[in-house]
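Asks: coordinates only, no sequence provided:
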C-alpha cells in the first residue's frame, strides 16, 4: 500500500468482528493514530501505547462520545443494536464536535439493490431484519456530514482483498466479502475525503 498521510481515526465498536479487524489493518498498513471506543474495553486486548488510546463508553453516552471525538479527522463505526438511535447520537455528537467525516457500516439489501442472480431474498422488501440498518442510513444521509455508509455482503474471514465496490444507485455485485476487504475499503475512505462522499458503497467479493 502506498504511504498515507497520518490521520486521527476514531473506531467505535472496536471489539466487534469488523471493528477489531479494521483496527489491526490500520495498525499494520498506516501510521494513523487510533482512538478505540467500546463499552467493554477489556476485550480490546493489548494496546499500542504509541498509536492507540481508549475511551470507555457507548456512542449514546454524549459525554464519552465528545471525549472520543476530540481531535479526530475520521470516525468509523461498526455497531449493533438500536442503530437509528446510535446513528442519531453520532450525527449530533459529530456536529457538536465539528468532525465531518463519518464511515458507517450498514448492510447489503437496504435499498432493494440485490438482483435475483445474487439472491434478491436478501433485500429489505423481503427481509425486515434489515430495517434497523436502513433506519441508520436514512439518519446519516439526511445529515450534513461528509459520510460514507458501507453495505457489505455477508462477511467471512477470508484473507483476500479482492473486492468490488458499487454505488447506491447500482445493483449489488455479489453475495459475500472478507472482513479484511471491508477494512481495506475503510482505510481508502479514511484517507480520501472525496471518495464515497455522501454516498453509500456496496462491497462484495469479485
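Replies: Now that the structure is in, tell me what you want to look at. Worth saying up front: this structure is predicted, and the values here are computed from it rather than measured. Numbering: from 1, shown residues only.
Asks: max-length helix in this structure?
Replies: helix 83-97 (DSSP state H).
Asks: next secondary structure element downstream of the helix or strand hosting residue 36?
Replies: For residue 36, the host element (DSSP states H and E) is strand 33-38. Following strand 33-38 in sequence order, the next helix or strand is strand 52-56 (DSSP H and E).
Asks: tell me the mean pLDDT over that following strand?
Replies: Strand 52-56 carries an average pLDDT of 98.
Asks: who's in contact with the helix or strand just after that strand?
Replies: The helix or strand immediately downstream of strand 52-56 is helix 62-69, counting by DSSP H and E. Identification of contacts with helix 62-69 by CB atoms under 8 Å, 6 or more residues apart in numbering yields 10, 12, 35, 37, 55-59, 75, 89-90, 92-94, 96-97, 99. Using the backbone N, CA and C atoms, a C-beta is placed for each residue, glycine as well.
Asks: got the angle between helix 62-69 and helix 83-97?
Replies: 60 degrees (axes from the mean of the first three to the mean of the last three CA atoms, to 10 degrees).
Asks: between helix 62-69 and strand 33-38, how big is the angle?
Replies: 160 degrees.
Asks: return the distance of the longest helix of the chain from the chain's centre.
Replies: Distance of helix 83-97 from the chain centroid (CA atoms, centre = their mean, to the nearest Å) equals 14 Å.
Asks: that helix: what's the following helix or strand?
Replies: As assigned by DSSP H and E, the chain's next helix or strand after helix 83-97 is strand 101-105.
Asks: what is the helix or strand of the chain with the lowest mean pLDDT packed up against?
Replies: Ranked by mean pLDDT, DSSP states H and E, the weakest helix or strand in the chain is strand 154-156, scoring a mean of 95. Applying 3 or more CB pairs under 8 Å, 6 or more residues apart in numbering; DSSP states H and E, one finds that strand 154-156 makes contact with strand 176-178, helix 179-190.
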